[in-house]
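Sequence first, predicted model second:
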Amino acid sequence: MDDNAEFYKDLPKVELHAHLNGSVSVQTMEKLIRRKPHLNIEHSMTAIGKGQRRTLDECFEVFKVIHKLVDTEEDILMVATDVIKEFAADNVKYLELRSTPREENHTAGLTKKSYIETVIEAIQQCKNEGVDIDVRFLVAIDRRNGAEVAMETVKLAEEFMLSSGGLVVGIDLSGDPTVGDGRCLLPALQRARNSGLKLSLHMSEVPSQLEESELLLNLPPDRIGHGTFLHPEMGGSQSLVDRAVKGRIPLEICLTSNVKGQTVPSYSQHHLRYWYQLGHPCVICTDDKGVFCTDLSQEYQLAASTFGLRPDAVWTLSERAVDCIFAGDEVKQQLRQKWTELKPGLLQGAQLQA
Ligand SMILES: CNc1ncnc2c1ncn2[C@@H]1O[C@H](COP(=O)(O)O)[C@@H](O)[C@H]1O
Ligand SMILES: [Zn+2]
């Protein structure tokens, strides 16, 4: 990696693909482990360090461990405020957090509703404290839980879309891609779309999801998570690519997540190359900054060093991400203004160093 780390850190950024419980930092994890010593959980069980890789299956085991540590309103409030502040410290100016509402029978009071309320409370607390970041929330559907839970989740999201003052903006479809069938989730996703919730769907994160991806693309989604195996060279199809291109449906790109989860063999073989060369909207994201030990600055730096992007191209990548956010035009305008103000100082500095 080049030593121009400061440029990537100072770059104003937009984060659109961050799972709350995958984004928990080492520092926050320490606090959680101290709260629940009886669980005998060690750091090595909650993160995948430098140079390490896991199968995607093993990644999903990590989430199970983290969920044991984060199972009360108090935990969720702490985790969410810490995560928001960490993104802000990394110069993320706009963040869409996503999380799967859980109810925990053994802990008094945690319901799916209070789960969402607690995340919203964290967002509001950060706002009241003047943390310099605009945060929105996507309510997540875990595909393994089936059609009924998906519908229930959409109804909850609809309620909060109306009552949260614009904080809940959409739905995420995620969870272990090797489990469950996206087909049965279509009615819930369709309903979400009709009610004005935006859709960000994990699609073709693993091979042989061709049919499912076709159905999901018919909705269509507002953004695609990963899309690793959509294109023909990866066993996808030209018609899938054509549809994504025609709809200009942005791809959320998570380099380290894909390499550490071994769905992509190496950074240089990442599908960002394919889509970037097409001129398709691609947004650099972290996915799970805690689990994969990264941050958004590092992901931008990796994209630049892997694909030879000069500072002005990196700037354009971060600026274009603003076009892909789910919040309305007014927010987009405010962000564009911010980017315009910051541009001269940052690019001049980068050119001098280059
Ligand atoms: C690595 N690639 C991935 N693919 C699919 N889903 C993923 C994921 N990474 C995270 N999640 C989803 O996010 C949950 C954890 O955050 P929340 O408890 O919701 O905040 C995981 O349980 C999974 O459903
Ligand atoms: Zn994801």
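Happy to help now that I have it. Ligands and ions are numbered 1, 2, ... in the order given.

Could you tell me whether F137 really is in a helix?
No. Assigned with DSSP: H, G, I helix; E, B strand; the rest coil, F137 falls outside any helix and is strand.

Hmm, it is touching I123, no?
Yes. Judged on CB atoms under 8 Å, F137 makes contact with I123 at a distance of 6.6 Å. Every residue, glycine included, has its C-beta placed from N, CA and C.

which residues do these two both contact?
L97, L167 (CB atoms under 8 Å, 6 or more residues apart in numbering).

Pick out whichever of these two has more residues nearby.
Neighbours were counted for F137 and for I123 using other CB atoms under 10 Å; F137 has more, 27 against 24.

ok, and the closest non-adjacent residue to the more buried one?
Ranked by CB to CB, 6 or more residues apart in numbering and with sequence neighbours excluded, the top spatial neighbour of F137 is V168, at 5.0 Å.

Wait, that neighbour touches I116, no?
Yes. Applying CB under 8 Å as the test, V168 and I116 come out as touching, 7.5 Å apart.

Need the residues touching each of those two.
F137, V139, A157, F160.

Show me what the helix or strand hosting D82 is packed up against.
Of the helices and strands defined by DSSP states H and E, D82 is found in helix 73-89. Other elements packing on helix 73-89 under the criterion 3 or more CB pairs under 8 Å, 6 or more residues apart in numbering; DSSP states H and E are strand 13-19, helix 26-35, strand 92-99, helix 112-128.

what's the average pLDDT for it?
The average pLDDT within helix 73-89 is 98.

quick one: contacts of it?
15, 18, 20-21, 23-25, 27-28, 31-32, 35, 69-70, 95, 97, 109-110, 114-115, 118-119, 121-123, 125-126, 131-133, 135, 289, 295-296.

mind checking how far that helix is from the chain centre?
Taking the mean of its C-alpha atoms, helix 73-89 sits 15 Å from the chain's own mean (CA atoms, centre = their mean, to the nearest Å).

now swap in stretch 265-275 and tell me
Offset of stretch 265-275 from its chain centre (CA atoms, centre = their mean): 18 Å.

and that stretch, which residues are buried?
Using 16 or more other CB atoms under 10 Å as the test for burial, stretch 265-275 gives Y267, H270, H271, L272, Y274, W275.

So what touches that stretch?
Outside stretch 265-275, the residues that touch it by CB under 8 Å, 6+ apart are 227-228, 230-231, 233-234, 251, 253, 255, 258-259, 264, 282, 302-303, 306-307.
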